[in-house]
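Asker: Fold the following, please.
(one chain, ligands or ions: 2)
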Amino acid sequence: MNKPNFNEARKRTKEKILVLKDEYKVPAEMKEYGKNKKYFLKTYGCQMNEHDSEVISAILEDMSYSKTDNYEDADLIILNTCAIRENAHNKTFGMLGRIKHLKQTKKELMVGLAGCMSQEESVVEEILSKFRWMDFVFGTHNIHKLPEIMLESINKNKLEVDVWSNEGNIFENLPVKRDSKYKAWVNIMYGCDKFCTYCIVPYTRGKQRSRMPEDILNEVKELVNNGYKEVTLLGQNVNAYGKDFEVQNYKMENLLEDVAKTGIERVRFITSHPWDFTDEMIDVIAKYDNVMPYIHLPVQAGSSRILKLMNRRYTKESYIELFNKIKEKVPNASITTDIIVGFPGETEEDFNETLDLVSKCKYDSAYTFIYSPREGTPASKMKDDVTLEEKEQRLYKLNDMINKYSKEANDRLLDKVVPVLIEGVSQKDENLLCGYTDTMKLVNVKAPKEDIGKIINVKITDVKTWSLDGIKDE
Ligand code: SAM
Ligand code: SF4
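Answerer: Ligands and ions are numbered 1, 2, ... in the order given. Next up, the predicted model:
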């Protein structure tokens, strides 16, 4: 048994990051283990987890499993979990409660836990004390070991826990079953070294490790050859890409430019930390038409005092300066953000700084959260005397303001013609299609089904706070 260990997970040594290309294998016993069996994979959390699930799916299909969207039909259930806030935890444990009932009537059902929660000491202790009926737990560092972990659990007929708390290596050549035929996630880096004081990610995902440029570019070129229209370069703070290379001087601006030059129709990247956002990077976004004018630039708070406590390493003023610089050089850019309200000790005055910042930046949209203490992080030990009620009121007030600016940003698109990558049938109306603009706005479109998978021009006919309606512009 390998249990997670936060003391190990927070270490950042000079140990060399290995790029391992032949680590993934399916033991002979497991190659057909999933024949005539179905798997249900539930993903919680961020894009990183969604992409990990695409790898997990491919591994399960290498073991001959086929997919089901109904967990009650499944022979194998895996929850790929998120640890970022308490409610993500609660959702997972709620789901495990439902699965327990199923397992009581379906003894051969296998149940596994994956993702960021598996990397938490307290979660694994809880699984070991209250969820012994589960079959396996693995973490974010050893997804490629899934077939072997399952085999171990089957052979021993008991709960197998295998979670690594090392700083992490890079595993190449893992299979991937992409959810979309038109747009793809491409990891450019793993882990995070920023250690924002509220955040669990540097503990659950290990140290920052940038993939080799040639591995990323080969992946993108293969996607282009397979007809993909869009790639999103993924990392916890993509602008720090390459900072961990020992010898080569190759940064995010170089990578973004080289990816743009592959000729893929759309390039996106997420998430940008304001700290590492260079002028060169802004220049590349401005220069290449296929680098989308959409930037997610989490600010977290408007008060420089709180930003310091959060260890964000920028001030309100330097953030606004960066924001304005981007808007100046990329005038059509849509900029979105993440904001936390109720960080320990946040006063009304601090919160008003956040409102002031939002009124200056007028974001296209924002994800807003109430601060959630995460065990093991520095902020969880800070004194917090703001009541939950007060935090909720602040969130409500902030969301009101955010929604007003989102609607205004969308209003500006009314009657305009915008490019939309049509992804499929709209969830809202089966007679409509849906897709995203270059600026990442969801549009429900009246267009023929043959347009699915194409980038078409759409005239915006109606505007809501979170979406747009449009018609194909012939
Ligand atoms: N790496 C990205 C960055 O630096 O902005 C974001 C990573 S995190 C998955 C996404 C968002 O969750 C963060 O931007 C932050 O707003 C929010 N978040 C992280 N930890 C949180 C906590 N303890 N409580 C509330 N929100 C949190
Ligand atoms: Fe968490 Fe900060 Fe790293 Fe983002 S940059 S993942 S918020 S520690």
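Asker: and Lys416, how many neighbours?
Answerer: Using other Cβ atoms under 10 Å, Lys416 has 13 neighbouring residues. Quick note: C-beta positions are derived from backbone N, CA and C, even for glycine.
Asker: quick one, phi psi at the residue in the stretch 301-450 of the chain that ligand 2 sits nearest to?
Answerer: Here the stretch 301-450 of the chain gets closest to ligand 2 at one residue, Arg312, 7.5 Å apart by Cβ to the nearest ligand atom. Here is the backbone geometry of Arg312 (degrees, to the nearest 10): phi -90, psi -20.
Asker: Make residue 1 into 144 and carry on from there
Answerer: Right, with 144 as the first residue, what we last looked at is Arg455.
Asker: Can you give me the pLDDT of it?
Answerer: At Arg455, the pLDDT value in this model is 97.
Asker: Please name the residues that touch it.
Answerer: Cys339, Pro417, Trp418, Gln443, Ala444 (Cβ atoms under 8 Å, 6 or more residues apart in numbering).
Asker: how far away is it from ligand 1?
Answerer: 8 Å (Cβ to the nearest ligand atom, to the nearest Å).
Asker: Next: Lys249.
Answerer: Lys249 is 34 Å from ligand 1, by Cβ to the nearest ligand atom.
Asker: His287 now?
Answerer: As for His287, its distance to ligand 1 is 23 Å (criterion: Cβ to the nearest ligand atom).
Asker: Stretch 370-382 near ligand 2 anywhere?
Answerer: Yes: using Cβ under 6 Å from any ligand atom, stretch 370-382 reaches ligand 2 at Gln379, Asn380.
Asker: May I have that stretch as CSV, with CA atoms only?
Answerer: Only the C-alpha atoms of stretch 370-382 are listed here, as CSV (Å, rounded to 0.1, in the frame of the first residue of the first chain):
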residue,chain,number,x,y,z
GLY,A,370,-8.8,17.0,-38.8
TYR,A,371,-8.9,18.7,-35.4
LYS,A,372,-9.8,22.4,-35.6
GLU,A,373,-8.8,23.6,-32.1
VAL,A,374,-6.3,22.8,-29.4
THR,A,375,-6.3,24.1,-25.9
LEU,A,376,-2.8,24.1,-24.3
LEU,A,377,-3.3,23.1,-20.7
GLY,A,378,-1.4,23.8,-17.5
GLN,A,379,-2.0,25.3,-14.0
ASN,A,380,-0.1,28.4,-15.1
VAL,A,381,0.8,28.1,-18.7
ASN,A,382,2.8,31.3,-18.8
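Asker: model confidence over that stretch, on average?
Answerer: Stretch 370-382 comes out at a mean pLDDT of 97.
Asker: same check, this time on stretch 589-607
Answerer: On average, the pLDDT along stretch 589-607 is 97.
Asker: What's the end-to-end length of it?
Answerer: 16 Å (Cα to Cα, to the nearest Å).
Asker: Separate out the buried members of the contacts of Arg455.
Answerer: Neighbour counting by 16 or more other Cβ atoms under 10 Å classes Cys339, Pro417, Gln443, Ala444 among these as buried.
Asker: what's the closest of these to Phe149?
Answerer: Nearest to Phe149 among those, counting by Cβ to Cβ, is Cys339 at 16.0 Å.
Asker: my read: the closest one touches Met453, true?
Answerer: Yes: with contact defined as Cβ atoms under 8 Å, Cys339 counts as touching Met453 (5.5 Å).
Asker: check contacts around Leu576.
Answerer: Ile565, Glu566, Gly567, Val568, Ser569, Asn587, Val588, Lys589, Ala590, Lys592, Asp594, Ile595.
Asker: List only buried entries from those residues.
Answerer: Neighbour-count burial (16+ other Cβ under 10 Å) applied to the contacts of Leu576 gives Ile565, Glu566, Ser569, Asn587, Val588, Lys589, Ala590, Asp594, Ile595.
Asker: buried ones in stretch 503-510?
Answerer: Under the neighbour-count criterion of 16+ other Cβ under 10 Å, stretch 503-510 has Cys504, Lys505, Tyr506, Asp507, Ser508, Ala509 buried.
Asker: Select from the residues you listed every entry located in helices.
Answerer: Mapping the buried residues of stretch 503-510 onto helices (DSSP state H) picks out Cys504.
Asker: which one among the buried residues of stretch 503-510 gets closest to Val410?
Answerer: Nearest to Val410 among the buried residues of stretch 503-510: Asp507, at 18.6 Å, using Cβ to Cβ.
Asker: residues from the stretch 494-617 of the chain in reach of ligand 1?
Answerer: Taking Cβ under 6 Å from any ligand atom as the contact definition, the stretch 494-617 of the chain meets ligand 1 at Phe512, Tyr514, Ser515, Arg517.
Asker: Compile these into a markdown table and extend it with columns for secondary structure and neighbour count.
Answerer: Converted to a markdown table, those look like this (DSSP: H, G, I helix; E, B strand; the rest coil; neighbours: other Cβ atoms under 10 Å):
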| residue | secondary structure | neighbour count |
| --- | --- | --- |
| Phe512 | strand | 16 |
| Tyr514 | coil | 21 |
| Ser515 | coil | 17 |
| Arg517 | coil | 22 |
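Asker: circling back: near ligand 2, which of the contacts of Leu576 show up?
Answerer: Okay, of the contacts of Leu576, nothing touches ligand 2 (Cβ under 6 Å from any ligand atom).
Asker: Which one of these is nearest to ligand 1?
Answerer: Among those, Glu566 lies closest to ligand 1 (Cβ to the nearest ligand atom), at 23.3 Å.
Asker: which non-adjacent residue is nearest the closest one?
Answerer: Closest residue to Glu566 apart from its sequence neighbours, by Cβ to Cβ, 6 or more residues apart in numbering: Gly578 at 4.8 Å.
Asker: ok, Asn574 - contacts?
Answerer: Contact analysis of Asn574 by Cβ under 8 Å, 6+ apart lists Lys589.
Asker: cool, the one 4 residues further on as well?
Answerer: Contact criterion Cβ under 8 Å, 6+ apart gives Val563, Leu564, Ile565, Glu566, Leu585, Val586, Val588 as the residues in contact with Gly578.
Asker: next one: Asp212
Answerer: Shown in contact with Asp212 (Cβ under 8 Å, 6+ apart): Phe183.
Asker: want to throw the buried ones among the contacts of Leu576 into JSON lines with secondary structure?
Answerer: Below are these laid out as JSON lines (DSSP: H, G, I helix; E, B strand; the rest coil):
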{"residue": "Ile565", "secondary structure": "strand"}
{"residue": "Glu566", "secondary structure": "strand"}
{"residue": "Ser569", "secondary structure": "coil"}
{"residue": "Asn587", "secondary structure": "strand"}
{"residue": "Val588", "secondary structure": "strand"}
{"residue": "Lys589", "secondary structure": "strand"}
{"residue": "Ala590", "secondary structure": "coil"}
{"residue": "Asp594", "secondary structure": "helix"}
{"residue": "Ile595", "secondary structure": "coil"}
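Asker: and those residues as TSV, adding distance to Asn230?
Answerer: Below are these laid out as TSV (distance: Cβ to Cβ, whole Å):
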residue	distance to Asn230
Ile565	33
Glu566	28
Ser569	28
Asn587	29
Val588	33
Lys589	37
Ala590	37
Asp594	38
Ile595	34
